[in-house]
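**Student:** Here is my input, please return the structure:
(one chain, ligands or ions: 1)
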Amino acid sequence: MTRVALIAHDEKKADLVEFAQDHEPQLQEYELIATGTTGKRLLEETDLDVERKESGPLGGDLMIGSEVAEGRLDGIVFLRDPLRAQPHEPDISALLRICDVHDTALATNLESAEFLIEGLQE
Ligand SMILES: O=C(CO)COP(=O)(O)O
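**Tutor:** Below you'll find the model as predicted:
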């Protein structure tokens, strides 16, 4: 089954929740995982079933990165906050890097997220 990770920094969580609500029928078809707080928001504000990992600053990005390394993930939507430094920047960079190592689809803004979700349907 197609497995997709959804992640957003605090300033982008509302955007990700809205994106998930707009694409709920498609996302229902996938196994979804998310970092801790993002997953909590998705569970509370959508009808999607989401497996929650640790919160990003506590290792959630790395947990998702390990799934990429194991070839378990088909795509990641990761809405980062481009205007604020994050305390766990090294973890974020590690996740982006491992996606490139394994050629895993990664969308870091809403426009590319639309393409990713559409592409996964094919
Ligand atoms: O920090 C994050 C990604 O780098 C997201 O973590 P949360 O979903 O727990 O806020």
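**Student:** what does this protein have sitting close to the ligand?
**Tutor:** Residues of the chain lying near the ligand by Cβ under 6 Å from any ligand atom: I7, H9, T35, G36, T37, T38, S55, G56, P57, G60, D61, I92. C-betas here are computed from N, CA, C, even on glycine.
**Student:** per-residue confidence for G65?
**Tutor:** pLDDT recorded at G65 is 98.
**Student:** gap between it and A5?
**Tutor:** Using Cβ to Cβ, to the nearest Å, G65 is found at 10 Å from A5.
**Student:** Then L83?
**Tutor:** 22 Å.
**Student:** Can you report how many residues neighbour G39?
**Tutor:** Number of residues near G39 (other Cβ atoms under 10 Å) recorded here: 23.
**Student:** what's next to the host helix or strand of A113, contact-wise?
**Tutor:** Using DSSP states H and E, A113 sits within helix 110-121. With contact meaning Cβ atoms under 8 Å, 6 or more residues apart in numbering, helix 110-121 is reached by 2, 4, 15, 19, 23, 26-27, 30, 74-75, 77, 79, 105-107.
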